[in-house]
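In: Below is the structure, and that's it, no one-letter string:
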């Protein structure tokens, strides 16, 4: 199994450009998440999805949009990139939590995005 | 909204010393998870705690969940250079809620 795959792994954007980050998981997970990681800030939740066709805002959703048209894919879009969006982006997925069952999140390898 | 605070932000230890990181939530948690991220890598799940007062051990790592289910700790006994990395706690307010991470503790181990 590939687990969680993110593409691309690296990208440099100019201010104002748009791009889409793709996350794909092959574990049939219901939940999918997009986090950004910045020095000293930990992992901050951008958007998440609890199932196909659903999305919800996290802690820092401004400037980003997401879509979950297929259960295995979760797309993160930047409509007009800004330097403040320079970060490492992680996608993760997990099973739907049911009682005390482990609901660990499996992470992709990350996308390092630089906006100049 | 739900906030998960983690301290310290950095910890430098000599190999063989112990290490502890603490996690505090502004709200009662349904469960708490711990992750480790090696330098340049992605977070990897270590453990999940669900019950009030729960203590779990993994070799030299001891995880605790507070009685009020609002705080947690990770203790490493006799650190090794392989323990280097960032340790994150992550909590859910409800069993089916979103997963909120703390800021992480960066552990450096000097040989």
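Out: Arrived safely, thanks for sending. On a predicted model such as this, the values are computed, not experimentally measured, just so you know.

In: So the residue nearest the centre of chain A versus residue A:23, what's the distance?
Out: Against the mean C-alpha coordinate of chain A, by Cα atoms, centre = their mean, the closest residue is residue A:34 at 2.4 Å. Residue A:34 sits 7 Å away from residue A:23, taking Cβ to Cβ, to the nearest Å as the criterion. For glycine as for every other residue, the C-beta is placed from the backbone atoms N, C-alpha and C.

In: what's the overlap in contacts for the two?
Out: Applying Cβ atoms under 8 Å, 6 or more residues apart in numbering or on different chains, one finds that residue A:34 and residue A:23 are jointly contacted by A:74, A:76, A:91.

In: where does the last one land on pLDDT?
Out: Yep, that's residue A:91 we're talking about. Predicted confidence (pLDDT) at residue A:91: the value is 98.

In: Enumerate the positions of the helix or strand containing it that are buried.
Out: Secondary structure from DSSP states H and E places residue A:91 in strand A:87-94. Burial within strand A:87-94, assessed by neighbour count using 16 or more other Cβ atoms under 10 Å in any protein chain shown, is assigned to A:87, A:89-94.

In: filter those residues by proximity to chain B?
Out: Restricting the buried residues of strand A:87-94 to those within reach of chain B (Cβ under 8 Å from any Cβ of the partner chain) leaves A:90, A:92, A:94.

In: and of those, the nearest to chain B?
Out: residue A:90 (6.1 Å; Cβ to the nearest Cβ).

In: My guess is the closest one contacts residue A:45. True?
Out: No: between residue A:90 and residue A:45 there is no contact under Cβ atoms under 8 Å: 10.3 Å.

In: Mutual contacts of those two, please.
Out: Joint contacts of residue A:90 and residue A:45 (Cβ under 8 Å, 6+ apart) are A:34-35.

In: measure the nearest residue in space to residue A:19 that is not next to it in sequence to residue A:54 for me?
Out: The shortest distance from residue A:19 to any non-neighbouring residue, by Cβ to Cβ, 6 or more residues apart in numbering or on different chains, is to residue A:78 (5.5 Å). Distance from residue A:78 to residue A:54, counting by Cβ to Cβ: 21 Å.

In: what do you get for residue B:4?
Out: From residue B:4 over to residue A:54 the distance is 24 Å, taken as Cβ to Cβ.

In: So between the two, which is more surrounded?
Out: Applying other Cβ atoms under 10 Å in any protein chain shown to residue B:4 and residue A:54 shows that residue B:4 carries more neighbours, namely 24 against 11.

In: Contacts only, for residue 78.
Out: You didn't pick a chain, so chain A it is. Going by Cβ under 8 Å, 6+ apart, residue A:78 touches A:13, A:18-21, A:63-64, A:85.

In: think we crossed wires, I meant chain B
Out: B:16-18, B:60.
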